[in-house]
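J.: What shape does this take:
(2 chains)
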Protein chains: 2
Amino acid sequence: MTISAMNFCTHCGTRLEHRIPPGDNLPRHVCPNCGEIHYCNPKIIVGCVAEWDGRLLLCRRAIEPRLGQWTLPAGFMEVGETTAHAAFRETHEEACARVGIEQLFALVNIPHISQVHLFYRAHLLDTNFAPGEESLETQLFSEDEIPWHELAFSSVDHCLKAFFGDRRSGHFGFHETTLAPP
Amino acid sequence: MTISAMNFCTHCGTRLEHRIPPGDNLPRHVCPNCGEIHYCNPKIIVGCVAEWDGRLLLCRRAIEPRLGQWTLPAGFMEVGETTAHAAFRETHEEACARVGIEQLFALVNIPHISQVHLFYRAHLLDTNFAPGEESLETQLFSEDEIPWHELAFSSVDHCLKAFFGDRRSGHFGFHETTLAPP
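T.: Okay, the predicted model is just below:
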């Protein structure tokens, strides 16, 4: 989070004060000139567990953090889109893949970095996938091929384990969890 | 959204430029002095459908927007908390109520204002509720008592209808929807 870097008002450029506004109960970054209150908000990351013939699509990251490690296609939700569209877009950007979005499958809270990760189940519409700009490789993996020790993020590890657990049980549910700091 | 008000770098106070950073595909607010990229992100609103003996807890708003209209207890998720904790906290702040949080019940996308609303099912632990600072009244309503024409927000209307529909069917599911501009 960039709370410590919040020094100036984005609206008028005045140096901000850090105090509790009237009617609030937490200190906020308040502009003494124009009165704007600059809230810090958690961020939403959305991705896909995209399946083709029993195997799942993973991307090897071409960017930091975790360059070279494997992840589900996912990224920051943009303004003006829905969560499902963000999942579709990120899968296309990172893996050049086209998917049909199904149900929301997992919600992973990561409060120490103020992120909420949402993963949708999805199916690939074809196998014309390829690394996007932020990926080194894209590949389908069966359960016993998943590179468990080279996964980029705990939320991806959680999501994949929940997926294979549900598949074995014959019923896909919705999984909510909270990750503690490493 | 305050995209138009993003004029100055929060980090160093320099006037921002609006351009596509290297490796990106959307224009962002970029600082030509310190290099910081200021992303705009959707915001998360979290609330509760809190039940006591078949009736649901609503709050009449003491603040704008929609002052005087009825809503489910809900509000902006804060940094450093989980979605479930945000639902618990907002219910306590707006209705002085203590709840046991159950499953995530609804996800409502409102892309034209870049918000994602999450509602949890919950049960009141007792009937010691009362208006918080942002509420004029707090009250339990059965289905036929809900003030449908005085509800503050479409997401609340959607969530209440889904709740009563599920209750009639005997099975509570998870509901995802997208609201269009009014």
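J.: low-scoring stretches of chain A, by residue?
T.: Along chain A, the model assigns pLDDT under 70 to residues A:1-4.
J.: biggest helix in it, by residue count?
T.: helix A:154-169 (DSSP state H).
J.: Could you point out the helix or strand that follows that helix?
T.: strand A:175-178 (DSSP states H and E).
J.: Show me what that next one is packed up against.
T.: Here strand A:175-178 touches strand A:99-110, helix A:154-169, going by 3 or more Cβ pairs under 8 Å, 6 or more residues apart in numbering or on different chains; DSSP states H and E. Bear in mind the C-beta positions are built from the backbone N, C-alpha and C, glycine included.
J.: and those as CSV, adding mean neighbour count?
T.: Listed next are the helices and strands packed on strand A:175-178 as CSV, based on neighbours: other Cβ atoms under 10 Å in any protein chain shown:
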stretch, mean neighbour count
strand A:99-110, 20
helix A:154-169, 17
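J.: need these in TSV with distance to chain B, can you?
T.: Below are the helices and strands packed on strand A:175-178 laid out as TSV (distance: least, Cβ to the nearest Cβ, whole Å):
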stretch	distance to chain B
strand A:99-110	4
helix A:154-169	13
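J.: could these go into TSV alongside distance to B:M6?
T.: As requested, the helices and strands packed on strand A:175-178 are arranged in TSV below (distance: least, Cβ to Cβ, whole Å):
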stretch	distance to B:M6
strand A:99-110	26
helix A:154-169	29
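J.: Centre of chain A to the edge, which residue is at the far end?
T.: Largest separation from the mean C-alpha position in chain A: A:N33, at 35.8 Å (Cα atoms, centre = their mean).
J.: Can you give me the distance of the closest residue in space to that one that isn't next to it in sequence to A:G35?
T.: Excluding its sequence neighbours, the residue lying closest to A:N33 (Cβ to Cβ, 6 or more residues apart in numbering or on different chains) is A:T14, at 3.9 Å. A:T14 is 10 Å from A:G35, where distance means Cβ to Cβ, to the nearest Å.
J.: And A:A86, by the same measure?
T.: 32 Å.
J.: re the thing from before, the residue farthest from the centre of chain A reaches A:C12, doesn't it?
T.: Yes - in this structure A:N33 lies within contact range of A:C12 using Cβ atoms under 8 Å: 5.3 Å.
J.: Please name every helix or strand in contact with whichever strand or helix holds A:A86.
T.: For A:A86, the enclosing helix or strand under DSSP H and E is helix A:83-95. Counting contacts by 3+ Cβ pairs under 8 Å, 6+ apart, helix A:83-95 is packed against strand A:43-52, strand A:55-61, strand A:74-76, strand A:99-110, strand A:115-124, strand A:135-141, strand B:99-110.
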